[in-house]
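>>> Below is the structure, and that's it, no one-letter string:
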């Protein structure tokens with residue numbers, strides 16, 4: 001708590017970055033879960049899923065401490081509402097990561113051969129979208145130094161456009177994976193088919209949230 005309180009002497013972006021570090025740690029562990037899915041035991045997946053949950057909890061603790069310490073009125077470069085909105089969006093990323101990891105720990109879910117490649121492509125593009133928005137959040141310090149203008153702001157606008165494009169690419173790959181799933185749907189157990197649908201939807205939500213964070217940051221640039 002003392003460490004966080006010291007950060008309030010600085011820009012609020014330090015706090016968003018601190019929270020984003022925990023969110024990214026959670027998402028990185030989820031990436032490990034997805035890459036090992038089908039290559040390791042169900043017991044190992046369950047253990048990795050627990051670690052995702054622990055990291056999500058860490059992110060929640062930081063989020064709650066920030067909300068507790070944040071004054072009702074404060075003289076920072078963004079208003080309180082915008083700050084808390086971005087914080088909440090970041091936190092939802094780790095929430096969804098925990099949801100996905102939890103799905104894979106419910107039961108042994110095999111990856112049919114026809115779904116392996118579209119799944120990996122979808123996973124990679126989803127994570128690319130998240131990593132892109134991470135870079136935007138960690139550029140806040142540079143933005144502050146130049147008062148949200150100049151080449152730094154233009155660079156971030158370009159990154160925001162890249163994030164939106166990657167989210168679109170992820171959406172296309174999600175539809176390809178869904179189509180491949182429906183082609184073999186009659187061969188799957190009802191529970192397995194349902195879990196696959198949930199998985200695809202949650203990964204799509206994660207990419208969409210990353211884009212939403214980027215666009216919300218873009219709005220801060222536009223009002224300067």
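Yep, it's here. Please read all numbers here as calculations on a predicted model, not as lab measurements. Numbering: from 1, shown residues only.

>>> Flag the shaky bits of this structure, pLDDT-wise.
The model of the chain has pLDDT under 70 over residues 1-12, 71-79, 141, 143-149, 222-224.

>>> switch the cut-off to 50
1-10, 75 (pLDDT under 50).

>>> Return the residues in contact with the residue nearest the centre of the chain.
Geometric centre of the chain, nearest residue: residue 93, 3.6 Å, by C-alpha atoms, centre = their mean. If you count contacts by C-beta atoms under 8 Å, 6 or more residues apart in numbering, residue 93 has them with 23, 26, 27, 130, 206, 209, 210, 213. Where C-beta positions appear, they are placed from N, C-alpha and C, glycine not excepted.

>>> Now with 7 Å, please.
23, 27, 130, 206, 209, 210 (C-beta atoms under 7 Å, 6 or more residues apart in numbering).

>>> In helices, which of those residues fall?
Secondary structure assignment by DSSP state H places 23, 27, 130, 206, 209, 210 of the contacts of residue 93 in helices.

>>> Make a PyMOL selection of the buried ones in these.
In PyMOL, this line selects whichever of these come out buried by 16 or more other C-beta atoms under 10 Å:
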select buried, resi 23+27+130+206+209+210
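
>>> Measure how buried residue 127 is and give me the count.
22 (other C-beta atoms under 10 Å).

>>> I figured it hits residue 30, correct?
No: if you go by C-beta atoms under 7 Å, residue 127 and residue 30 don't touch, sitting 8.7 Å apart.

>>> in the chain, which spans are helices?
2-7, 13-36, 42-69, 80-106, 113-137, 140-145, 150-183, 190-222.

>>> So what touches stretch 96-115?
Stretch 96-115 is contacted from outside by 26-27, 30, 33, 37-38, 42, 45-46, 49, 52-53, 56, 119, 177, 180-181, 184, 192, 195, 198-199, 202-203, 205-206, 209, using C-beta under 7 Å, 6+ apart.

>>> ok, 8 Å please
26-27, 29-30, 33-34, 37-38, 42, 45-46, 48-50, 52-53, 56, 119, 177, 180-181, 183-184, 187-188, 191-192, 195-196, 198-199, 202-203, 205-206, 209.

>>> for it, the distance to its chain's centre please.
17 Å (C-alpha atoms, centre = their mean, to the nearest Å).

>>> Quote the end-to-end distance of it.
Using C-alpha to C-alpha, to the nearest Å, one end of stretch 96-115 lies 22 Å from the other.

>>> What residues sit buried inside it?
96-105, 109, 112, 115.

>>> so which two of the residues you listed are the farthest from each other?
Longest distance between any two of the buried residues of stretch 96-115 is 25.3 Å, between 98 and 112; criterion C-beta to C-beta.

>>> So what's the residue count around residue 64?
Residue 64: 11 neighbours (other C-beta under 10 Å).

>>> got the phi/psi numbers for residue 184?
Here is the backbone geometry of residue 184 (degrees, to the nearest 10): phi -110, psi 10.

>>> so what's it up against?
Counted by C-beta under 8 Å, 6+ apart, residue 184 has contacts 112, 114, 115.

>>> Tell me the one of those nearest residue 17?
residue 115 (36.3 Å).

>>> ok, the closest one to residue 43 distance?
23 Å (C-beta to C-beta, to the nearest Å).

>>> contact partners of stretch 120-137?
By C-beta under 8 Å, 6+ apart, stretch 120-137 touches 13, 16-17, 20, 24, 27, 31, 34-35, 90, 93, 156, 159-160, 162-163, 166-167, 169-170, 173-174, 176-177, 200, 203-204, 206-207, 210-211, 213-214, 217.
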